[in-house]
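> Sequence below, structure please.
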Amino acid sequence: MSTIARAPQPVAWSEGTWTTPPPAAAERDGRLLVTAAEGSDAWRLTSYGFVHDSEHALLAPMPDGTAMEVEFDAAFEAQFDQAGLFVRVDDARWVKAGVEFSDGDLQLGAVVTDGMSDWSLAPVPEWLGRRITVRVSRSGNALTMRAGAAGDPLRLVRVIPFAAGLEAAAGPFVCAPTRAGLTVPFASWQRGPADAALH
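Numbers count the residues shown, from 1 in each chain. You can find the predicted model right below:
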């Protein structure tokens, strides 16, 4: 058996299934332009008390030992505009990893949900308007989230407990909790081998 790692391969936009179909999604020059519905979001209970499960996530299988990666342009301007990569097991167990516009700045972060959601953020105002890469790697009992802006190396963002036996799907997502008209162009969606090391 070969020990050479497989190179990441493009995932066809047509391979994915929407959790909530967006108002518009169009392929153009190899990109997928996704327009979010006003009020779309993903959250469960914590602090706010509500459950939102109206995110537009285009998902394909993500078995153990693989990684998913998306690239998109982050020209955000309204509160909570967001995009990135969504990993889903079921309604109560999922992760959204990416960037969002919060309190006047672009923020890098994740929401990890296992019955209830948590939320972590770090400001990255220098990424606004740039192409963003978000990568989530699944290996053993963990998801490892990395992200970066064009021209910069990917940085480790978060390590998330994730049982090896779970059936999961992952892919690009968009939400626009506070406005209509957010369109995010996704430049690529790839699947490949899980990252070889945490550091």
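> pLDDT score for M1?
pLDDT, M1: 35.
> Repeat that for H199.
The predicted structure scores H199 at 79 on the pLDDT scale.
> try R93
For R93, the pLDDT comes out at 97.
> go on, Y48?
Model confidence at Y48, expressed as pLDDT, equals 89.
> Over to the one 10 residues further on?
For L58, the model assigns a pLDDT of 98.
> Now do the closest residue to it other than its chain neighbours against L108, distance only.
Leaving out its chain neighbours, the residue that sits closest to L58 by CB to CB, 6 or more residues apart in numbering is G16, at 3.6 Å. Where C-beta positions appear, they are placed from N, C-alpha and C, glycine not excepted. Using CB to CB, to the nearest Å, one gets 24 Å for the distance from G16 to L108.
> Who has more neighbours out of those two?
L108 (24 against 20; other CB atoms under 10 Å).
> Kindly provide the distance from the more buried one to R44.
Counting by CB to CB, the separation of L108 from R44 is 21 Å.
> G192 looks like it's in a strand, true?
Yes - G192: assigned to a strand according to DSSP: H, G, I helix; E, B strand; the rest coil.
> let's have the chain start at 56 instead
With 56 as the first residue, the last one maps to G247.
> That one contacts V66, correct?
No - the criterion here is CB atoms under 8 Å, and G247 misses it with V66 at 10.0 Å.
> Which one's more surrounded, those two?
Higher neighbour count among G247 and V66: V66, with 22 against 17, using other CB under 10 Å.
> nearest residue to that one other than its sequence neighbours?
Residue nearest to V66 in three dimensions, not counting chain neighbours: W244, with 4.5 Å by CB to CB, 6+ apart.
> Let me see the confidence value for the one you found.
For W244, pLDDT reads 98.
> Thanks a lot, catch you later.
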